[in-house]
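Enquirer: whatever this is, show me its structure:
(2 chains)
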Amino acid sequence: EAGVAQSPRYKIIEKRQSVAFWCNPISGHATLYWYQQILGQGPKLLIQFQNNGVVDDSQLPKDRFSAERLKGVDSTLKIQPAKLEDSAVYLCASSLNPRGGASWTYNEQFFGPGTRLTVL
Amino acid sequence: KNQVEQSPQSLIILEGKNCTLQCNYTVSPFSNLRWYKQDTGRGPVSLTIMTFSENTKSNGRYTATLDADTKQSSLHITASQLSDSASYICVVSERYSSASKIIFGSGTRLSIRP
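Expert: Numbers count the residues shown, from 1 in each chain, chains lettered A, B, ... in the order given. A predicted model of the protein is given here:
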């Protein structure tokens, strides 16, 4: 079974520039998550999709961050314009179904390798 | 406020030694607790998962314990290997509701020295 794919793996940009990350979840996984992980910290949820609908985007800085999952499969996360404090690893994860499933095991998240963003 | 706190923040041990990592949480209502291993430059990978009714769960040299009464969990690593060098993250999920949350700890950075 193929894992969660992310690209690019690394990105270096200057502040005020724009950047986009792409994620392809595991086939059949209804739920997709984007996390921001700053060095030395645990992942912080930015946005959670259930199919192509947004479940939770309460911690997404909406003035500069946006995300979409138009067809309920792959997803893009965009930052425009980037700030120095956006330097982090952006992780994408997917799970079968965190709610409504018959078993709590459905909420196990499988993570991609992440995209390391450096803003200069 | 739902929180997950891990200790120690970092740990260095010699190869072959055992170690125990701690996780305390205040998440309620509780659904399950997972331990993830995150190698440098990679995404987290699940090691164990436990619900409130489970006290212990093993995965090879990794053994997780859960005390739902005191809201504490530990991850014990036996006979450590160099490949165990990684961050270990405790993740607690709320019981399913209309707005379930998954809360991540900050992780423990473990370094194994030869």
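
Enquirer: gap between the lowest-mean-pLDDT helix or strand in chain A and the chain center?
Expert: The weakest-scoring helix or strand in chain A, judged by mean pLDDT, DSSP states H and E, is strand A:53-56 (a mean of 88). Relative to its parent chain, strand A:53-56 has a centroid offset of 12 Å by CA atoms, centre = their mean, to the nearest Å.

Enquirer: strand partners (parallel or antiparallel) of it?
Expert: Strand pairing for strand A:53-56, using DSSP bridges, gives strand A:44-50 (antiparallel).

Enquirer: for the residue most central in space within chain A, which non-adjacent residue is spatially closest?
Expert: With distances taken as CA atoms, centre = their mean, chain A has A:W34 as the residue nearest its mean C-alpha position (2.0 Å). In this structure, A:W34 finds its nearest non-sequential neighbour in A:L46, 4.5 Å apart by CB to CB, 6 or more residues apart in numbering or on different chains. (Glycine included, C-beta is placed from N, CA and C.)

Enquirer: thought A:Q36 was touching the one you found, still the case?
Expert: Yes - contact criterion CB atoms under 8 Å: A:L46 and A:Q36 qualify, at 5.5 Å.

Enquirer: joint contacts of these two?
Expert: Taking CB atoms under 8 Å, 6 or more residues apart in numbering or on different chains as the criterion, A:L46 and A:Q36 both touch A:Y90.

Enquirer: flag the shaky bits of the chain, pLDDT-wise.
Expert: No chain in the question, so chain A it is. Confidence mapping of chain A against pLDDT under 70 gives the ranges A:1, A:98-106.

Enquirer: right idea, wrong chain: chain B
Expert: Ranges of chain B meeting pLDDT under 70: B:96-100.

Enquirer: that older thread, if I look at the residue nearest to the centre of chain A, how far off is A:L91?
Expert: According to CB to CB, to the nearest Å, A:W34 and A:L91 sit 7 Å apart.

Enquirer: ditto for A:P113
Expert: According to CB to CB, A:P113 stands 8 Å off from A:L91.

Enquirer: from one end of stretch B:105-114 to the other, what's the distance?
Expert: 28 Å (CA to CA, to the nearest Å).

Enquirer: related to what we said a few turns ago, show me what contacts the residue nearest to A:W34?
Expert: Neighbour list for A:L46: A:34-36, A:57, A:59-60, A:65, A:67, A:77, A:90 [criterion: CB under 8 Å, 6+ apart].

Enquirer: the residue in chain A positioned nearest to chain B - how many residues pack around it?
Expert: Using CB to the nearest CB, the closest approach of chain A to chain B is made by A:F111 at 3.0 Å. Applying other CB atoms under 10 Å in any protein chain shown, we find 23 residues neighbouring A:F111.

Enquirer: helix/strand/coil for the closest residue in space to it that isn't next to it in sequence?
Expert: Using CB to CB, 6+ apart and skipping residues adjacent in sequence, the residue nearest A:F111 is B:G43, 3.0 Å away. Three-state assignment for B:G43 (DSSP: H, G, I helix; E, B strand; the rest coil): coil.

Enquirer: helix or strand: which one has residue 93?
Expert: All of this refers to chain A. Element membership for A:A93, per DSSP states H and E: strand A:88-95.

Enquirer: um, chain B though
Expert: strand B:86-94.

Enquirer: the very next helix or strand once past that strand - contacts with which helices or strands?
Expert: Following strand B:86-94 in sequence order, the next helix or strand is strand B:102-104 (DSSP H and E). Identification of packing neighbours for strand B:102-104 by 3 or more CB pairs under 8 Å, 6 or more residues apart in numbering or on different chains; DSSP states H and E yields strand A:44-50, strand B:86-94.

Enquirer: I appreciate the help and will end here.
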